[in-house]
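Asker: from the sequence below, what's the structure:
(chains A and B)
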There are 2 protein chains.
Amino acid sequence: MTFSVTILGSSSALPTPNRFSTAQVINLLERFFLVDCGEGTQIQLRRYKIKYARIHHVFISHLHGDHFLGIFGFISSQNLLGRKNTLHIYGPQKLKELIDQFISTFDKGIAYELIFHSLSYKTTELIYEDDKLTIKSIPLRHRIPTCGFLFEEKPRLRHIKGEVIQELGIPVKNILSIKQGADYISNDGKIYTNDKLTSDPLPSRSYAFISDTAKKPGIIPIINGVDLLYHEATFADEKKKRAKETGHSTSRQAAEIAQAAGVGKLILGHFSHRYKTLDGLLNEAKEVFPNTELVYDGVVYNIPDKK
Amino acid sequence: MTFSVTILGSSSALPTPNRFSTAQVINLLERFFLVDCGEGTQIQLRRYKIKYARIHHVFISHLHGDHFLGIFGFISSQNLLGRKNTLHIYGPQKLKELIDQFISTFDKGIAYELIFHSLSYKTTELIYEDDKLTIKSIPLRHRIPTCGFLFEEKPRLRHIKGEVIQELGIPVKNILSIKQGADYISNDGKIYTNDKLTSDPLPSRSYAFISDTAKKPGIIPIINGVDLLYHEATFADEKKKRAKETGHSTSRQAAEIAQAAGVGKLILGHFSHRYKTLDGLLNEAKEVFPNTELVYDGVVYNIPDKK
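Answerer: Model (predicted):
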């Protein structure tokens, strides 16, 4: 039951050969979502062998170049590679204009359907839902309208007690409703309550991506208890003033949010290129929230089932 | 007297981790020119340690994504890095619209001057000139308006014969005019003709970049005798038909152009990603024009002085 986050880029404003601009791929039960799409994202997708025809949904946190400039090459290369599937892009309305302008330069437009979903960036919205998961936006505090994203598995079906089902000879056609919580009434009218037939399912898992933001305690209830939290950490603590001015966080502030929200694990990215070594940022975060890691491009974070 | 070409990207439509999209930097006597600007060009500039504040002129061959999508990140990062110098961009008028749209998303516009020069793509134009060199456009045969670029050193000043100058005691104030070809008349009225005072200067050097094009013999007189020719070579010979249909060249056709134009050396790039190995393309070219090389990202081609 895969739930993973692959980091494609983790630099801040300026990409470097070792850290591309922000982008990551979420694989939730073999459904693939691209979150942000900085310059060179298509190169990173190829480098890390992610089949990008499988990505049907792209979410853009905000309209700063390091978070969206790769979308044009992504759209164009998908076209050259003969994509057939619809591509959904979620972002600010202005991005739609830029994409439309870009596509107008193509010889023959694009051969697949592209659907743009305009986000409000003002309130938390349910922006995607299917049978297995939901994705919500999380408004942040940056210089321009910006949001993060919350990926949540839906509650799973109850776990069938195989040996009981077999013993009672319950027909296959009843299994789904029992998994959903129904009782079972046998042919002779006897009622077997659901708790005899099933046990609790494994808990659902969740991931939150917190893009560019000044420290914003208002997000704590929204991301409360997520298994994995990616929080931007552009600066070290001594640049706290600069962080606030530019709408960014220090690594310590990210850890304070993680701590207050009781998350499982914190991963930090979006580092200012001024830092030659990131040990200071990591240590400052770990003093507050020990289960913290720095991300690197190409690293995959798995969110395992909770036993 | 540096004259060099640094390859930043040499893939065709689809960039890969080993070959970025088309871009190269020309260093002609410490004046730096960027030719094409595919996605990730700013990353390559940083990887190969080219100070991009020194680039004042960017030339875009045509409006296919793999030749211009890096311009947005380039413009934006220059702004973040505090660029003060004017940036000149040469390309199709439509590119100006895309750039203007992009800049309109910035919080505060850009802090340096950006001057756009619209190219015709119809005839060879002198598009840049200073005291040392000229740059001309070379219209090509592609699916959309496309041109290559010809970089030529201006004729150098004549070479002073130091010992003669010393013997005759010619004053410093006369030296420049003598270098320019003037005779010298001594105080006693004696005329020393220029050929006694100078020898021929070293010949001027030249470089031509031939971007996407079907084979176009019409360019031969324009690039005649260049020291270094970069010619696109998207396909092997057996894809000649496909090359023509898509407005591209085979490596053999590139070599035929090089041969007919009597160039010094041919370098090939813009390879289709279908080729796992490029030996075939190289061999087919070398059969026609032996002094041929395949380019690789990061390689610098020097054009030495001709002794």
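Asker: look up phi and psi at the residue nearest to A:T16 when sequence neighbours are not counted.
Answerer: Excluding its sequence neighbours, the residue lying closest to A:T16 (Cβ to Cβ, 6 or more residues apart in numbering or on different chains) is B:R46, at 5.8 Å. C-beta coordinates here come from the backbone N, C-alpha and C atoms, glycine included. Main-chain torsions, B:R46, degrees, to the nearest 10: phi -70, psi -40.
Asker: OK, contacts around B:R46?
Answerer: By Cβ atoms under 8 Å, 6 or more residues apart in numbering or on different chains, the residues touching B:R46 are A:L14, A:P15, A:T16, A:P17.
Asker: per-residue pLDDT, the residue lying farthest from the centre of chain A?
Answerer: Within chain A, the residue lying farthest from the chain centre (Cα atoms, centre = their mean) is A:D188, at 49.6 Å. Looking at A:D188, its pLDDT reads 88.
Asker: contact partners for it?
Answerer: Residues counted as contacts of A:D188 (Cβ under 8 Å, 6+ apart): none.
Asker: the one 3 residues further on too?
Answerer: By Cβ under 8 Å, 6+ apart, the contact set of A:I191 is A:D183, A:Y184, A:I185.
Asker: what sits against the second one?
Answerer: So the one you mean is A:Y184. Neighbouring residues of A:Y184 by Cβ under 8 Å, 6+ apart: A:L168, A:I170, A:N174, A:I178, A:I191, A:Y192, A:N194, A:L197.
Asker: out of the contacts of A:I191, which are inside strands?
Answerer: Counting by DSSP state E, the contacts of A:I191 place A:Y184, A:I185 in strands.
Asker: ok, the contacts of A:I191 vs B:N224, which is closest?
Answerer: Within these, proximity to B:N224 (Cβ to Cβ) peaks at A:Y184, which comes in at 89.2 Å.
Asker: and the pLDDT at A:Y184?
Answerer: Here, the pLDDT recorded for A:Y184 equals 93.
Asker: bridged to it, which residues?
Answerer: A:Y192 (DSSP bridges).
Asker: can you tell me which of the contacts of B:R46 are buried?
Answerer: When those are checked for burial by 16 or more other Cβ atoms under 10 Å in any protein chain shown, the buried set is A:L14, A:P15.
Asker: quick check, A:Q44 in contact with A:L8.
Answerer: Yes. A:Q44 lies in contact with A:L8 (Cβ atoms under 8 Å); the separation is 4.0 Å.
Asker: out of the two, which sits in the busier spot?
Answerer: More neighbours surround A:L8 than the other of A:Q44 and A:L8, with 27 against 24 (other Cβ atoms under 10 Å in any protein chain shown).
Asker: angles on the backbone of the more buried one, please.
Answerer: According to degrees, to the nearest 10, A:L8 has phi -100, psi -30.
Asker: same thing with A:G162?
Answerer: The phi and psi torsions at A:G162 (degrees, to the nearest 10) take the values phi -50, psi -40.
Asker: what of A:A261?
Answerer: phi -90, psi 0.
Asker: roughly how far does it sit from A:A254?
Answerer: Using Cβ to Cβ, to the nearest Å, one gets 11 Å for the distance from A:A261 to A:A254.
Asker: remind me which residues of the stretch 1-150 of chain A are low pLDDT?
Answerer: Applying pLDDT under 70 to the stretch 1-150 of chain A flags no residue at all.
Asker: switch to 90 and redo it
Answerer: The stretch 1-150 of chain A contains residues with pLDDT under 90 at A:1, A:13, A:16-17, A:51-52, A:105-109.
Asker: which parts of it sit against chain B?
Answerer: Counting by Cβ under 8 Å from any Cβ of the partner chain, the stretch 1-150 of chain A comes close to chain B at A:13-17, A:20-21, A:39-40, A:42-43, A:46-47, A:63, A:65-66, A:69-70, A:72-73, A:76-77, A:80-81, A:94, A:97-98, A:101-102, A:105, A:107, A:143-144.
Asker: ok, back up a step: which SSE is the residue farthest from the centre of chain A in?
Answerer: Using DSSP states H and E, A:D188 sits in no helix or strand.
Asker: tell me the residue of the stretch 101-250 of chain A that sits nearest chain B?
Answerer: Per Cβ to the nearest Cβ, the residue of the stretch 101-250 of chain A with the smallest distance to chain B is A:T105, at 5.1 Å.
Asker: that residue: what's it in contact with?
Answerer: Taking Cβ under 8 Å, 6+ apart, we find A:T105 in contact with B:L63, B:K94, B:L98.
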